[in-house]
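Enquirer: test case, fold it:
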Amino acid sequence: QVQLVESGGGLGQAGGSLRLSCAASGLPFSTYVMGWFRQAPGKEREFVAAIRWSGTSTSYADSVKGRFTISEDNAKNTVYLQMNSLKPEDTAVYYCAAGRPAFATITVAAGYAYWGQGTQVTVSS
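Expert: This next block holds a predicted model:
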């Protein structure tokens, strides 16, 4: 049974930092892409960042590039999203996802087969 469990969300201040974690189980994750997506109220789910378990490549949305960092700990089967220089517009529910999307569609939610339950991130100004 595949499980993705996010943690680390909460309330942050503009300019501050938060770190999200996603603990994964039930898949051969060395062959998967792990992604973070987010969804704000009234908006569609959007891509944030992705990493291959080998750690050889990462991708970021333009809106978070230079502020967020995705990383992995293979020993713990855990993916992290370090969020620095937070902005109020980063407020959303953040979801961890696992899948095997083609490189060209790594930013598309439909390419990910497994999803966590989501964790709320709220950034105050």
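Enquirer: and after the one helix or strand residue 114 maps to, which helix or strand comes next?
Expert: Secondary structure from DSSP states H and E places residue 114 in strand 112-115. Next along the chain after strand 112-115, taking DSSP H and E as the criterion, comes strand 119-124.
Enquirer: spatially, what comes nearest to residue 30 if we skip its sequence neighbours?
Expert: Of all residues not flanking residue 30 in the chain, residue 53 sits nearest, at 4.8 Å (CB to CB, 6 or more residues apart in numbering). Any C-beta I mention is one placed from the backbone N, CA and C, and that applies to glycine too.
Enquirer: how about low-confidence regions in this structure?
Expert: Low-confidence segments of the chain, defined by pLDDT under 70: 55.
Enquirer: which residue ranges form the strands in it?
Expert: Counting by DSSP state E, the chain has strands at residues 3-7, 10-13, 18-25, 33-39, 46-52, 58-60, 68-73, 78-83, 92-99, 112-115, 119-124.
Enquirer: between the third one and strand 68-73, how big is the angle?
Expert: Between the axes of strand 18-25 and strand 68-73, defined by axes from the mean of the first three to the mean of the last three CA atoms, to 10 degrees, the angle is 30 degrees.
Enquirer: partners of strand 18-25 in the sheet?
Expert: Its sheet considered, strand 18-25 pairs with strand 3-7 (antiparallel), strand 78-83 (antiparallel) by DSSP bridges.
Enquirer: thanks a lot, see you next time.
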